[in-house]
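In: Following is a predicted model, sequence given first.
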Amino acid sequence: MNEAKGPLDRPTATEYASWFKALADPTRVQIVSLLARQGRAMSVGEIVDAVHVGQSTVSAHLKVLAEVRFVLVDQHGTSRFYRINTACVECFPTAADLVMGRPAPAAPTCPSEGDD
């Protein structure tokens, strides 16, 4: 069978599914959008004020986004600041292209927190 005509391999499909699932909530899309547009690390309080959702809800969403490495956490004393993982987010259109059967410009790898 022509590999280009077959499905994605299971590990790649699993990784991409986790990315799509992480963005399957409007509040998480807002948070990713906010962090990307701000271009700086933000506290949970700043994010809460911007998206108008409770602190515990924002924290839960940030946890999901951090698990798929869309956001990175910077610890400063007892405070946590969240920033967009630009390397990972830049992979996302490539993932969508691959899922739709379009050629990818480069192998989509999402660096870990220390690589951004």
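Out: Right, received. Where do you want to start?

In: mind listing the helices in this protein by residue range?
Out: Assigned by DSSP state H, the helices in the chain fall at 10-22, 26-38, 44-51, 55-67, 86-99.

In: Let me see the mean pLDDT of the last one.
Out: The one in question is helix 86-99. In this model, helix 86-99 carries a mean pLDDT of 73.

In: Check the offset of that helix from the chain's centre.
Out: Centre-to-centre, helix 86-99 and its host chain are 10 Å apart (C-alpha atoms, centre = their mean, to the nearest Å).

In: Does anything pack onto it? Which helices or strands?
Out: helix 10-22, helix 26-38 (3 or more C-beta pairs under 8 Å, 6 or more residues apart in numbering; DSSP states H and E). (Each C-beta comes from the backbone N, C-alpha and C, glycine too.)

In: buried stuff in stretch 8-26?
Out: Glu15, Tyr16, Trp19, Ala22 (16 or more other C-beta atoms under 10 Å).

In: Touching, Ser82 and Leu72? I think so.
Out: Residue 82: Tyr, not Ser. Yes - under the criterion of C-beta atoms under 8 Å, Tyr82 makes contact with Leu72 at 7.2 Å.

In: Overlap of the contact sets of the two?
Out: Shared contacts of Tyr82 and Leu72, defined by C-beta atoms under 8 Å, 6 or more residues apart in numbering, comprise Ala66.

In: and the gap between the nearest residue to Val29 once chain neighbours are set aside and Gly6?
Out: The shortest distance from Val29 to any non-neighbouring residue, by C-beta to C-beta, 6 or more residues apart in numbering, is to Leu23 (5.7 Å). Using C-beta to C-beta, to the nearest Å, Leu23 is found at 25 Å from Gly6.
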